[in-house]
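**Q** structure of the sequence below:
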Amino acid sequence: LVDAVPPYEHSPSFPSGHTLNSTVIAGLVAYLLVRRLIHLLARILTITLAVLWAAAMGASRVFLGHHWLSDVVAAWLLGLAWLSLIITVHRLAVRHGPQPDAIAHPDAIEDPDAIENPDAIENEVRNDE
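**A** Numbers count the residues shown, from 1 in each chain. Down below sits the predicted model:
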């Protein structure tokens, strides 16, 4: 440990902001892409690239001497925790949110003719008066 390269900056830098942001952004982009991708190979490649991006960002911060390894590891862990929270909230919102297909489905509408003929609604209102 005596020969360790100390960070060149002498400002508080715990955790590494670059690593934290890279972990969260790369993770979110990968998550959103994986939800849309069909092929397994494309999904694996997307996740692999996101992990490599976040790992390379953290390794570069240590290599350049801007952060200690503990700063980077803490940023990875905090980034993964934040990413997990965001993905969980998104999945819950998608599952329990409004379903646009149910609104446009013909069975959900009392008078299907009203969609094809918007004047039918106005005629019903006038007839009721």
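**Q** give the burial count for the spatially closest residue to Ala26 that is not a sequence neighbour, as a bare number.
**A** Nearest non-adjacent residue to Ala26, counting by C-beta to C-beta, 6 or more residues apart in numbering: Ala50, 4.1 Å away. Where you see a C-beta, it was placed from the backbone N, CA and C, and this is true even at glycine. As a burial measure, Ala50 scores 22 neighbours (other C-beta atoms under 10 Å).
**Q** so where does Ala50 fall, helix or strand?
**A** Ala50 is part of helix 40-63 when elements are defined by DSSP states H and E.
**Q** before we move on, the earlier item: is it true that the residue nearest to Ala26 touches Ala30?
**A** Yes: Ala50 is in contact with Ala30 according to C-beta atoms under 8 Å; the separation is 3.6 Å.
**Q** packing partners of the longest helix along the chain?
**A** Longest helix in the chain, counting residues (DSSP state H): helix 69-96. With contacts taken as 3 or more C-beta pairs under 8 Å, 6 or more residues apart in numbering; DSSP states H and E, helix 69-96 sits against helix 17-36, helix 40-63.
**Q** from Leu85, how far off is Phe63?
**A** Phe63 sits 30 Å away from Leu85, going by C-beta to C-beta, to the nearest Å.
**Q** correction: His18
**A** Applying C-beta to C-beta, the value for His18 to Leu85 is 20 Å.
**Q** okay, the two: which has more neighbours?
**A** Neighbour count, other C-beta under 10 Å: between His18 and Leu85, His18 has more, with 17 against 10.
**Q** can you tell me which residues contact the more buried one?
**A** Met57, Arg61, Ala75 (C-beta atoms under 8 Å, 6 or more residues apart in numbering).
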